[in-house]
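Fold the stuff below for me.
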Amino acid sequence: MSKKKKLFTLFLALTVVFTMCFAAVPAYAASGTAITNADELKAMSANGNYYLANDIEVPANLILFTSYDAPFTGTLDGNGHAIKGYTYTASADWTEQAALFGYAKKATFKNLKMTNVNISLNQAGTAAALVADSENCKFTDISVSGKIVGKSLNTAAGIVAYSYAGGTLTNCKNSADITITKADEGSSAAGVAGFIGSTGSMKKCSNSGKISISGSIEAASISAAGVVLNVGKATSCKNSGTISVSAIGNGSMNDECIAAGVAAEVDTAVSCSNTGKVSMNATVEAVAPHRVGGVFGSVTKSASKCYNKGAVSFSGKSHRGLYVGGLGAYLPKVSQSYNKGAVTVKMSSVKKTEENKIGGVCGDTVDMRNCYNTGSVTVTGKAFVGGISGYAHPWGEKVVNNYNTGKVKASTKGAFKGQVIGGYEGAEMVQKRNIYDNYYTGSGKAYGWGFVTWHKWVAKASKVSSIKAANCPKLSSKYWTYSSKYGRMILKNNKEK
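Numbering: from 1, shown residues only. Prediction:
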């Protein structure tokens, strides 16, 4: 054999060896102690590092690390494998926890699937597929499918029910349905996580499961959200599941009820979206306004580059108020966001018009810039009703460079209807300076009610035949671009889907 042929043969052999080596490398680089069965999972130490070497099944009603004083503090790497068919069934009147891990603190969970989860309880404290109660844990690439059912659960979620001192969740997905009935003592549920707190964050998390809470409420509140109940920051999170809340009863000391596509409450949100249906039926006499939002129940700081395409609806009574919005119920500061979903409200009883605020983008706002609504807003009952916001009060802030093309209907006598905003207020001499350069295509007044009637100071808006650059010159090219697909301006950094 010639020298060239020998070299070629050696090259082919090395190529085969390298190909076989790389083919053997797993999708995830796992380290630590391998777990191959349920017994090895149950034998984990509190601070150890573990990974699944294959899919496993675990016995019914298994809860690991059930003591608050001895939580799991290590790492569990699913290594791309699944814990299949986790089941927890309890017929007792009260179950404190139901989850694979009872308590975890500063632990890491990653690259793990939990499939065909089946949790069925009566009353319970915290319930989730993976962790019931955690403290400052890290969850990455976790997915859950199956169902969680309870008659009265305090807090239920697909992956983690409660987190103390924050925590982070990244690329976590829930497709499990969560159903709570007879929520007489108050309940809350979310697809991915429950209460994470203001120091916690979520990124690229999503829910496609159906989240439903119903009950006769006497002295409590109920909340449902697609992704999370409460978190500090949410980035690129989305919901496509149906979210529904039904709160009936004769209670007179109830807190407000909340239904939201992504988050019931969040401090800061960026690039979050909802395409699922969000609805509430409430007849209880709450002590604070109920909140229904396509993406958010409320945002305490700011929301930007978010959108909603799902239908948002409320039916029932307004006792101490109602906030409903296509994007969010209460958004004090929102920018570069839009709503395409229909907003429908039917109130059978209204005590005070001024406490009901319904809008295409949000129910109530303080500062809104470069946002728009194309969904219909239809309201039966006395309320402030607006194309972009039901109400605005920008004393030192602004509501500018927004537009509405959606139909606004509020036929009830006593309702204040505006194609842009239902009602607004501010210092007498700043209203014109703080609410301006807004556009609309529908018929009727731009604003339903203003704090002053002096022409010199009232807010202004322009009625146009179409939302094009020539008609809406204040929609700056820095944020807006024309879409031939929709025949109107859309946002550059949040392009309409």
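
ok, the residue lying closest to Glu496 once chain neighbours are set aside - contacts?
Here the nearest residue to Glu496 in space, its sequence neighbours aside, is Ile490; by Cβ to Cβ, 6 or more residues apart in numbering that works out to 4.6 Å. From N, CA and C alone the C-beta is placed, and that goes for glycine too. Counting by Cβ atoms under 8 Å, 6 or more residues apart in numbering, Ile490 touches 338, 480-483, 496.

Partner strands of the helix or strand where Ile490 lies, with direction?
Assigned by DSSP states H and E, Ile490 belongs to strand 488-491. Under the criterion DSSP bridges, strand 488-491 sits next to strand 480-483 (antiparallel) in its sheet.

Let me know the average pLDDT across the longest strand seen in the chain.
Counting by DSSP state E, the longest strand found in the chain is strand 131-157. Strand 131-157 shows a mean pLDDT of 95.

Direction included, what does that strand pair up with?
Paired neighbours of strand 131-157 in the sheet (DSSP bridges): strand 101-105 (parallel), strand 108-127 (parallel), strand 160-170 (parallel), strand 173-174 (parallel), strand 177-180 (parallel), strand 187-190 (parallel).

Is it possible to get CSV of these that adds distance to Lys468, mean neighbour count and mean pLDDT?
What follows is the strands paired with strand 131-157, written out as CSV (distance: least, Cβ to Cβ, whole Å; neighbours: other Cβ atoms under 10 Å; pLDDT from 0 to 100):
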stretch, distance to Lys468, mean neighbour count, mean pLDDT
strand 101-105, 55, 24, 98
strand 108-127, 48, 21, 95
strand 160-170, 40, 23, 93
strand 173-174, 40, 28, 98
strand 177-180, 44, 24, 96
strand 187-190, 41, 30, 94
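
Let me have these in a markdown table, extended by distance to Gly241.
What follows is the strands paired with strand 131-157, written out as a markdown table (distance: least, Cβ to Cβ, whole Å):
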| stretch | distance to Gly241 |
| --- | --- |
| strand 101-105 | 24 |
| strand 108-127 | 15 |
| strand 160-170 | 17 |
| strand 173-174 | 8 |
| strand 177-180 | 8 |
| strand 187-190 | 11 |
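
Distance from stretch 321-340 to the middle of the chain?
13 Å (Cα atoms, centre = their mean, to the nearest Å).

start to end distance for it?
Its first and final residues considered, stretch 321-340 spans 24 Å by Cα to Cα, to the nearest Å.

Could you do stretch 85-102 as well?
Length of stretch 85-102, first residue to last, Cα to Cα: 18 Å.

from the middle of its chain, how far away would that stretch be?
25 Å.

what do you get for stretch 404-423?
26 Å.

Need the distance between the two termini of it.
Across stretch 404-423, first to last residue, Cα to Cα, it's 15 Å.

Residue numbering should commence at 41 henceforth.
With the count now opening at 41, the last piece we talked about shows up as stretch 444-463.

so which of the strands paired with strand 171-197 gets nearest Val306?
strand 227-230 (11.6 Å; Cβ to Cβ).

Using PDB, list the CA coordinates for stretch 338-352.
Extracted in PDB, the C-alpha atoms of stretch 338-352 (Å, rounded to 0.1, in the frame of the first residue of the first chain):
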ATOM      1  CA  SER A 338     -51.900  45.100  36.900                       C
ATOM      2  CA  VAL A 339     -48.400  46.400  36.300                       C
ATOM      3  CA  THR A 340     -46.800  48.400  39.100                       C
ATOM      4  CA  LYS A 341     -44.000  50.000  37.100                       C
ATOM      5  CA  SER A 342     -44.000  49.600  33.300                       C
ATOM      6  CA  ALA A 343     -44.900  47.400  30.300                       C
ATOM      7  CA  SER A 344     -43.400  47.700  26.900                       C
ATOM      8  CA  LYS A 345     -43.600  45.800  23.500                       C
ATOM      9  CA  CYS A 346     -46.500  43.600  24.600                       C
ATOM     10  CA  TYR A 347     -49.600  42.600  22.800                       C
ATOM     11  CA  ASN A 348     -52.900  40.800  23.200                       C
ATOM     12  CA  LYS A 349     -55.000  38.900  20.500                       C
ATOM     13  CA  GLY A 350     -57.400  37.000  22.800                       C
ATOM     14  CA  ALA A 351     -61.000  37.900  23.600                       C
ATOM     15  CA  VAL A 352     -61.400  39.600  27.100                       C
END
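
which of the residues in that stretch are buried?
Going by neighbour count (16 or more other Cβ atoms under 10 Å), the buried part of stretch 338-352 is 338-339, 342-352.

of the residues you listed, closest to Gly463?
The closest of the buried residues of stretch 338-352, once distances to Gly463 are taken by Cβ to Cβ, is Ser338, at 19.0 Å.

any idea whether the closest residue to that closest one other than its chain neighbours is helix, strand or coil?
Spatial nearest neighbour of Ser338, chain neighbours left out: Tyr370 (4.2 Å); criterion: Cβ to Cβ, 6+ apart. With DSSP: H, G, I helix; E, B strand; the rest coil as the basis, Tyr370 sits in strand.

Give me the pLDDT for Tyr370.
Looking at Tyr370, its pLDDT stands at 97.
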